[in-house]
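J.: Sequence and computational prediction follow.
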Amino acid sequence: MLGSKLPRPVPPDVPQAAARPATADAQPAQPAAPVTPETTPIIPPDQPAETTAPPQPAPVEPTEQQPEREPESHESAAEPTEAPVQSEIPVTSDDSETPVSPAPTVPDWTDRFDGLDGRLADADARLDAFDARFEALDKRLDGLRESLDGLSGSFSKRSQYDEAKEKVIDRQHAELNKLRDGLTLDLREPVLQDIASALAKINTMKGELPEDDTEARNMLEDIDYMLGAILDDYDVARVDSEPGSRYNAARQRFLPKDVEPTDDPAKARTIARSKAPGYVYEAGERPRVLLKEQVVMYRVVKPASPAETPDGPADAPAAPETPDAPSSIG
């Protein structure tokens, strides 16, 4: 430091400069008076000269602002002066108040670049590891997709199989129900037909009884009611056609003697009246006729023409005679 630098010893014939005060406010000291030769002792050449060092000033702590030390004349002549050390603290001079900026320092980026290269290499390695993991995941996803496609195909086949199976089961169930109903009807039909035939005969007998035989009529009506109740329990309906309704050969029948003549063409193939009721079993899918209804039919008869003789009507004029036509056979 400038404050702690000690003055160098000078030869006796060179005047020594006085020490500069340490404070900034103190004025530079005047050079000391030269030493006369009379006061310098004579030293023989064989013995080394003992020089007495001049009194050294006590070291002074440097202040924040110190003016630069001017090189002395004997120092500039004797040896080169050292370059002044630049302080990072701005120094102001008496002549100018502009602060002196410190010299810019250039950082060393080499170590930083080396560290960045290492980090980039580490990041590349991690990215490669991630790429490998992603490829493995893609392969696993492809395997899962194939498995899902296989499961979807199996599920579709299973669903189609189940649908076909349900259709077969429904058809078999319907056939079983039909067979059951048919078997039941086959077992019941003879008995029901006998009851229906008995009722038809009872109705015929009631029509043949004399009007004053009320006791027999009441007895037949009671039997008719009981047998009709039995048929109702087995879903057998009684059929009585209305006069004027169309004739249905599947449900009605008539005898050749059971006809009524009429001259109205609109009444052709219509029913005049019901002679004996019919019975139809309606429990199955289709109604099944146990006994056809006996009816009386209308028959259209043309009105009688005027009386004719072998020679024609008596009042009719005689037909004119015509000559024989010539024969074509020659």
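T.: Received it, and whenever you're ready, just let me know what you need.

J.: CA only for contacts and neighbour counts going forward, please
T.: Will do.

J.: what residue ranges in the stretch 201-330 of the chain score low on pLDDT?
T.: When the per-residue scores of the stretch 201-330 of the chain are filtered using pLDDT under 70, the ranges that remain are 284, 304-330.

J.: in it, which spans are strands?
T.: Using DSSP state E, counting those that start in this stretch, the strands of the stretch 201-330 of the chain run over 236-239, 252-253, 259-262, 271-276, 278-281, 288-291, 293-300.

J.: Take these and write them to JSON lines, including mean neighbour count.
T.: What follows is the strands of the stretch 201-330 of the chain, written out as JSON lines (neighbours: other Cα atoms under 10 Å):
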{"stretch": "strand 236-239", "mean neighbour count": "19"}
{"stretch": "strand 252-253", "mean neighbour count": "20"}
{"stretch": "strand 259-262", "mean neighbour count": "15"}
{"stretch": "strand 271-276", "mean neighbour count": "21"}
{"stretch": "strand 278-281", "mean neighbour count": "24"}
{"stretch": "strand 288-291", "mean neighbour count": "20"}
{"stretch": "strand 293-300", "mean neighbour count": "23"}
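
J.: And the contacts of stretch 245-262?
T.: Judged by Cα atoms under 8 Å, 6 or more residues apart in numbering, the contacts made with stretch 245-262 from elsewhere in the structure are 269-272, 278, 289, 291-301.

J.: Give the other helices and strands that the top helix by length along the chain contacts.
T.: The longest helix of the chain (DSSP state H) is helix 110-208. Here helix 110-208 touches helix 214-233, strand 271-276, strand 278-281, strand 288-291, going by 3 or more Cα pairs under 8 Å, 6 or more residues apart in numbering; DSSP states H and E.

J.: will you turn these into a markdown table that also has distance to residue 199?
T.: Shown next, in a markdown table, are those (distance: least, Cα to Cα, whole Å):
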| stretch | distance to residue 199 |
| --- | --- |
| helix 214-233 | 6 |
| strand 271-276 | 9 |
| strand 278-281 | 9 |
| strand 288-291 | 10 |
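
J.: Out of these, the one nearest residue 175 is which?
T.: For the helices and strands packed on helix 110-208, the distance to residue 175 is smallest for strand 288-291, at 18.0 Å, taking Cα to Cα.

J.: Name the surrounding residues that touch the closest one.
T.: 189, 192-193, 196-197, 251, 278-282.

J.: So in that sheet, which strands flank it, and in what orientation?
T.: Here the strand partners of strand 288-291, with direction, are listed using DSSP bridges: strand 278-281 (antiparallel).

J.: Would you mind putting the CA coordinates of the strand it pairs with into PDB?
T.: The C-alpha trace of strand 278-281 is given here as PDB (Å, rounded to 0.1, in the frame of the first residue of the first chain):
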ATOM      1  CA  GLY A 278    -122.600 -74.000 -32.900                       C
ATOM      2  CA  TYR A 279    -119.600 -74.200 -30.500                       C
ATOM      3  CA  VAL A 280    -116.000 -72.900 -31.100                       C
ATOM      4  CA  TYR A 281    -113.000 -73.500 -28.900                       C
END
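
J.: contact partners of it?
T.: Residues beyond strand 278-281 that count as contacts (Cα under 8 Å, 6+ apart) turn out to be 196, 200, 234-240, 251-252, 287-294.

J.: go with 6 Å
T.: Strand 278-281 is contacted by residues 236-239, 287-293 when judged by Cα atoms under 6 Å, 6 or more residues apart in numbering.
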